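Novice: Here is a sequence with its predicted model. Questions after.
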Amino acid sequence: MALVQQRTEDAGEEPRMADAARRAGGAGSVGVMNAILLVGVLCAIHTMSQFLRTSIGVIAPDIALELGLTASGIGLLSSSFFFSFAATQVPLGVAIDRFGPRLVLLVSTGIAVAGTVVFATAKSPEIMVLGRVITGIGCASFFIAPLTIYSRWFPPERFSTIVGIQLGLSALGMLGATAPLAYATAAFGWRPSFLAVAGLTAAIGFIAYVIVRDYPPGVVPPRRHETLIETIRGLAVVARTPSVPRLFVMHFSGFSVMVTVLGLWGGPYLAHVYGHDLGRRGELLFLLATANVLANFVWGPFDRIFKSYKRPVIGGALVTMLLLAWIAWVGKLEGWTLVSWFVAFGISTAYTPVLTAHGRSLFPPELVGRGLTLLNLGTMSGVFVLQFITGLVIDLFPARDGVYPVEAYRAVFALLALVLAAATVIYLRSSDPTYEKPRPA
């Protein structure tokens with residue numbers, strides 16, 4: 001911490017003044033409409049990332065038939081997005097802190113649009129994977145850049161609530177990747193649908209660049225930028241921050257468990273085990289995504305309600321583990337039990353706003369970009385690892401005419417439950433800095 005203090009002093013008083021002004025004023029001092037416009041635009045750009053990252057699940061059986069892909073091939077196609085997304089996080093954090101989140105968003109939008117076009121026009125699995133890799137790089141800033149802006153515009157005690165709103169509204173992209181994508185695919189084909197998404201992403205990115213500012217009105221940004229050596233030292237400080245490794249592990253498993261079901265294996269599970277067609281798969285995944293969207297708004301303020309970051313996160317993780325263990329044990333649920341499981345799973349996995357706010361509380365203002373991108377590296381690398389490994393697990397079971405048995409999916413659900421259980425045990429010993437009482441000297 002001495003290093004952080006020295007670097008802050010060297011940078012002068014302006015960063016302190018900017019942060020103090022932000023804490024004192026918050027959204028109220030810049031006007032409600034300005035705050036609503038800011039959050040709305042940033043949620044819209046994040047919505048496109050949410051769509052693109054989860055869009056393989058509902059159309060996976062169709063792509064597999066078109067290109068002759070195995071389960072591991074589909075797993076690689078989906079997870080490649082998260083691999084490049086994760087690999088971009090550390091340099092992304094540096095770029096956000098050095099050049100500002102607004103400029104980073106503009107550049108990222110161009111990359112995301114290019115990747116989506118490559119994916120939509122690809123004629124081979126290899127080019128499809130390349131398109132997903134490029135798209136992942138482009139979408140890598142669509143969550144962290146808004147969070148960095150929020151840390152400058154809103155007071156810390158409101159950060160979890162704002163993150164809940166961000167995740168709740170942007171999760172409309174996950175909804176779009178379920179039934180709406182299924183209907184669009186049936187009507188126009190999946191390739192024209194993705195080209196339309198590329199155009200929409202470009203339009204939203206341009207609007208965000210025009211409207212969004214790195215700092216709220218009346219706050220003077222710091223004039224002095226870090227040197228490269230100071231930036232690297234900041235990364236070291238972030239990595240050595242107490243409890244960061246424990247939160248990294250929780251980020252690695254929490255969101256990835258949900259996306260592995262919603263964005264990858266939920267569709268094939270419903271197709272292979274229940275025989276559901278494209279429309280019905282989209283409807284059930286739509287229910288899961290809708291439950292997750294609405295639950296994000298509810299989970300957002302839970303840290304203030306429970307006076308803790310850890311308690312809500314642990315509670316959500318435990319319920320998620322039970323749901324995964326249940327479906328792994330039973331294998332096939334019938335009727336409304338299946339519908340209820342998808343809804344409950346969407347609700348229980350929506351603790352990401354509180355977990356993100358927990359991470360934000362560990363870092364001083366000048367390290368927020370690098371700190372959050374480091375934790376987001378855990379989130380996206382977790383999705384890549386789990387999606388890729390679960391594809392290999394499913395391929396261990398023989399398929400008949402491209403259809404995998406229920407035992408393959410039971411193994412996947414059991415694996416997800418075990419991964420989340422291990423991460424929760426590690427997370428239990430993390431600190432709760434905002435809500436823990438100071439220890440007597």
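Specialist: Here it is on my side, so go on. This one's a predicted model, so the numbers in the text were calculated from it and none came from an experiment.
Novice: can you tell me the helix or strand for the closest residue to G391 other than its chain neighbours?
Specialist: Among residues not flanking G391 along the chain, G75 sits closest, at 2.2 Å (Cβ to Cβ, 6 or more residues apart in numbering). Glycine gets a C-beta too; all of them are placed from N, C-alpha and C. Per DSSP states H and E: G75 is located in helix 71-87.
Novice: That helix - contacts with which helices or strands?
Specialist: Packing contacts for helix 71-87, counted by 3 or more Cβ pairs under 8 Å, 6 or more residues apart in numbering; DSSP states H and E, involve helix 32-54, helix 56-67, helix 125-139, helix 368-395.
Novice: Looking at those, which is nearest to D97?
Specialist: Of all the helices and strands packed on helix 71-87, helix 368-395 sits nearest to D97, with 4.1 Å by Cβ to Cβ.
Novice: quick one: buried residues of that closest one?
Specialist: Judged by neighbour count using 16 or more other Cβ atoms under 10 Å, the buried positions of helix 368-395 are 368-391, 393-395.
Novice: okay, how far is it across stretch 62-79, tip to tip?
Specialist: 17 Å (Cα to Cα, to the nearest Å).
Novice: could you dump stretch 400-409 to CSV, C-alpha only?
Specialist: The C-alpha trace of stretch 400-409 is given here as CSV (Å, rounded to 0.1, in the frame of the first residue of the first chain):
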residue,chain,number,x,y,z
ARG,A,400,-25.8,-41.9,-31.9
ASP,A,401,-26.6,-39.9,-35.0
GLY,A,402,-25.1,-36.8,-33.4
VAL,A,403,-27.2,-37.1,-30.3
TYR,A,404,-25.4,-37.5,-26.9
PRO,A,405,-27.0,-39.5,-24.1
VAL,A,406,-28.4,-38.0,-20.9
GLU,A,407,-25.4,-39.4,-18.9
ALA,A,408,-23.1,-36.9,-20.8
TYR,A,409,-25.0,-34.0,-19.6
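Novice: Report the mean confidence score over it.
Specialist: Mean per-residue pLDDT for stretch 400-409: 89.
Novice: Can you pull out the residues in contact with that stretch?
Specialist: For stretch 400-409, the surrounding residues in contact (Cβ atoms under 8 Å, 6 or more residues apart in numbering) are 61, 64-65, 71, 265, 268-269, 271-273, 331-332, 393-394, 396-399.
Novice: mean pLDDT lowest for which of the helices and strands packed on helix 71-87?
Specialist: With a mean of 81, helix 56-67 has the lowest mean pLDDT of the helices and strands packed on helix 71-87.
Novice: Give me the buried positions along that helix.
Specialist: 56-64.
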